[in-house]
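Student: Sharing a sequence plus its predicted fold:
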Amino acid sequence: MKKWKSLFFVLLALNVIAAAVIVTLMVMPGEQAKIQDQTKSEYGFHITSSKESLSRFVNAYLKEKASNQLDYKVDINNDVHVAGKIKAFSTSINAVVTFEPSVQKNGDVVLKVTKFSLGELSLPISFVLNYMDSFYELPSFVHVHPSDKSIEVRLSEMPLDNGMYVKADKINLDTDEIEFSYYHPKR
């Protein structure tokens, strides 16, 4: 019987040692998952839109942010049409501007003016852009270039909350492919 008693204590000791080893391994610090701190890096969202959705967005933005000097509406089809009224000679005159948009490498958008008319009268584009640049208060991120017959929309300068900014990636109105990236800056 003494043999069984000693084997029992040996088995008990092995169990205690095994339990102690398991507990020790569980409480010892293990390898930490390497989680990269990305709070100090820029991140972005890619946005795809249709001509119809972009038209609604631009019109809503302009309604909220534009000065009261200009009363106009944007319509995007195979080109960009801006129609509105200009106050002159104590009356309102219908005005239509047609643009062809393109994306620059830095993500800004250039709107090449292809047509400008007041009522039924077509006017020289550079003259109208020069007048517009001189006498209308446009948003700070919109730059008029009369000599190039274009308007540059510097999306990175458009005031957004928390330093966020937008870049245009692609605008192809013929195939209804409109893509932007919305970035949150490094902190």
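Tutor: Okay, I see it. Numbering: from 1, shown residues only.
Student: From now on I want contacts and neighbour counts done on CA atoms only, so please keep to that.
Tutor: OK.
Student: Model confidence score at the nearest residue to residue 110 once chain neighbours are set aside, please.
Tutor: Once flanking residues are discounted, residue 110 sits nearest to residue 152: 4.5 Å by C-alpha to C-alpha, 6 or more residues apart in numbering. At residue 152, the model reports a pLDDT of 91.
Student: Next up, the contacts around residue 152.
Tutor: Counting by C-alpha atoms under 8 Å, 6 or more residues apart in numbering, residue 152 touches 108-111, 142-145.
Student: Out of those, which end up buried?
Tutor: For those, a neighbour count by 16 or more other C-alpha atoms under 10 Å gives the buried set as 108-111, 142, 144-145.
Student: Quick check: the farthest pair among these?
Tutor: Within these, 108 and 145 form the most distant pair, 14.2 Å apart (C-alpha to C-alpha).
Student: which one of the buried ones among the contacts of residue 152 is nearest residue 131?
Tutor: Proximity of the buried ones among the contacts of residue 152 to residue 131 (C-alpha to C-alpha) peaks at residue 144, which lies at 10.1 Å.
Student: Identify the residue nearest the closest one in space, chain neighbours excluded?
Tutor: residue 151 (4.5 Å).
Student: So that neighbour, which state does it fall into?
Tutor: Secondary structure assignment for residue 151 (DSSP: H, G, I helix; E, B strand; the rest coil): strand.
Student: Contact partners for it?
Tutor: 110-113, 142-145.
Student: Check which helix or strand residue 101 maps to.
Tutor: Under the criterion of DSSP states H and E, residue 101 resides in strand 91-103.
Student: Skipping its backbone neighbours, what lies nearest the spatially most central residue of the chain in space?
Tutor: By C-alpha atoms, centre = their mean, the chain has its centre lying nearest to residue 182, at 2.8 Å. Closest residue in space to residue 182, ignoring its immediate chain neighbours: residue 166 at 4.5 Å, by C-alpha to C-alpha, 6+ apart.
Student: For the chain, which residues score under the pLDDT cut-off?
Tutor: Under the criterion pLDDT under 70, the flagged ranges of the chain are 1, 3-13, 15-16, 19-42, 65-71, 88, 187.
Student: which stretches of it form strands?
Tutor: Ranges of strands within the chain are 43-49, 71-76, 80-88, 91-103, 109-118, 121-122, 142-145, 150-153, 165-172, 177-184, based on DSSP state E.
Student: what is the residue nearest to residue 110 paired to in the beta sheet?
Tutor: residue 110, residue 143 (DSSP bridges).
Student: Distance check, it against residue 142.
Tutor: 6 Å (C-alpha to C-alpha, to the nearest Å).
Student: pretty sure residue 142 contacts residue 156?
Tutor: No: using C-alpha atoms under 8 Å as the test, residue 142 is too far from residue 156 to be in contact (10.8 Å).
Student: Test my guess that the residue nearest to residue 182 contacts residue 181.
Tutor: Yes: in this structure residue 166 lies within contact range of residue 181 using C-alpha under 8 Å: 5.7 Å.
Student: Sounds good, over and out.
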